[in-house]
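Novice: Build the 3D model from these lines:
(one chain, ligands or ions: 1)
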Amino acid sequence: MKTHTRQKFVVGNWKMHTTALEAEKLARGVIDGLGVADDLTIILCPPFPYLALVGGVLEGSRVALGAQNMYPEAEGAFTGEVSPTMLLDLGCRYVILGHSERRHKLGESDHFTNQKVVCAVAAELDVILCVGETLKQRQAKQTEAVLDRQLSTGLAGVAGEALSRLSIAYEPVWAIGNEEHHASPQQAHDAHLLIRRQLSRICGETWAQKLPVQYGGSVQPENASAFLSQPGVDGVLIGGASLKAEEFLAIIHAAIAEPLANSRRSKVLDVA
Ligand code: PEP
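Specialist: Modelled structure (predicted):
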């Protein structure tokens, strides 16, 4: 019987929100409200223009800086784009790739997402690869096929130790920023199990057990524990609730309080 302890995440995706002043205040509010150190990985992903500003506030704290996207080239004639080299230069350690808003609002394909993943990992950025089905796809019982396609294509060409730079975020598109449709903790649990089975096929069982899989989709202080207590849910990716320091901190404290490293987790982690 072999067990792995996976990294546990709380990630704030600020999307296209905040002014410079608000970004600075929000980042300060988060670090000022953090309690004692533990093994939780906390990441703030502000908009590109505020990365340097927020990076300055986070310096010396236990909160890491992440970007919301990048272009898959080190440099060149790509007007308006931002390279992995630039992100590293600004102090980013993480980058979110394949977010559903990039896939569905900006039409980015699985293949383009994969180019970003390969490029980011080669540049030594840690990647949070988002996957998730739309409501229509779920209703048409295509969830499994969609996740399989997004994972297989998204991770193509990433193997061996490069996989240690990866974590997955399961974000059902219909549950993101949505007051009407919330995923239940059970639905999150089932999708995470499915993802881990697919990861096993794509990367092998050892990596499937090592890769953290986060949940994202309207996570709030009130429901964070219910998601975080599900076996196989290794953290949460937060949009709306990361824009208020007190809400984001409440979710962080829920993650710290959740003893998922022990019994419930080992159920998922046991490898025969
Ligand atoms: C997200 O942006 O990835 C997200 C999960 O947003 P929200 O928490 O607002 O649903």
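Novice: residue contacts, the nearest residue to residue 237 once chain neighbours are set aside?
Specialist: Counting by C-beta to C-beta, 6 or more residues apart in numbering, residue 237 lies nearest to residue 216, which is 3.3 Å off, once chain neighbours are set aside. In this view, the C-beta of every residue, glycine as well, is placed from N, C-alpha and C. Neighbouring residues of residue 216 by C-beta atoms under 8 Å, 6 or more residues apart in numbering: 11, 13, 130, 169-171, 176, 236-239.
Novice: Would you reformat these as CSV and include distance to the ligand and neighbour count?
Specialist: Compiled in CSV, those are given as follows (distance: C-beta to the nearest ligand atom, whole Å; neighbours: other C-beta atoms under 10 Å):
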residue, distance to the ligand, neighbour count
11, 8, 25
13, 4, 26
130, 7, 26
169, 7, 28
170, 10, 25
171, 5, 27
176, 4, 22
236, 8, 27
237, 5, 26
238, 5, 27
239, 2, 22
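Novice: Between those residues, which sits nearest residue 208?
Specialist: residue 170 (13.9 Å; C-beta to C-beta).
Novice: can you pull the contacts of the closest residue to that closest one other than its chain neighbours?
Specialist: Counting by C-beta to C-beta, 6+ apart, residue 191 is the residue found nearest to residue 170 once chain neighbours are left out, at 5.2 Å. Residue 191 is in contact with 143, 147, 170, 172, 183, counting by C-beta under 8 Å, 6+ apart.
Novice: Need these in TSV (columns: secondary structure and pLDDT).
Specialist: Listed next are the contacts of residue 191 as TSV, based on DSSP: H, G, I helix; E, B strand; the rest coil; pLDDT from 0 to 100:
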residue	secondary structure	pLDDT
143	helix	98
147	helix	98
170	strand	98
172	coil	97
183	coil	94
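Novice: circling back: check the spacing between the residue nearest to residue 237 and residue 255 real quick.
Specialist: Separation of residue 216 from residue 255 (C-beta to C-beta, to the nearest Å): 13 Å.
Novice: wait, does the longest helix seen in the chain make contact with the ligand?
Specialist: What stands out as the longest helix in the chain, according to DSSP state H, is helix 185-203. No: remark: helix 185-203 sits outside contact range of the ligand, by C-beta under 6 Å from any ligand atom, the gap being at least 11.7 Å.
Novice: Looking at that helix now, give me its mean pLDDT.
Specialist: The average pLDDT for helix 185-203 rounds to 97.
Novice: In contact with the closest residue to residue 155 other than its chain neighbours, which residues are there?
Specialist: Closest residue to residue 155 apart from its sequence neighbours, by C-beta to C-beta, 6+ apart: residue 202 at 5.8 Å. Counting by C-beta under 8 Å, 6+ apart, residue 202 touches 151-152, 155, 208.
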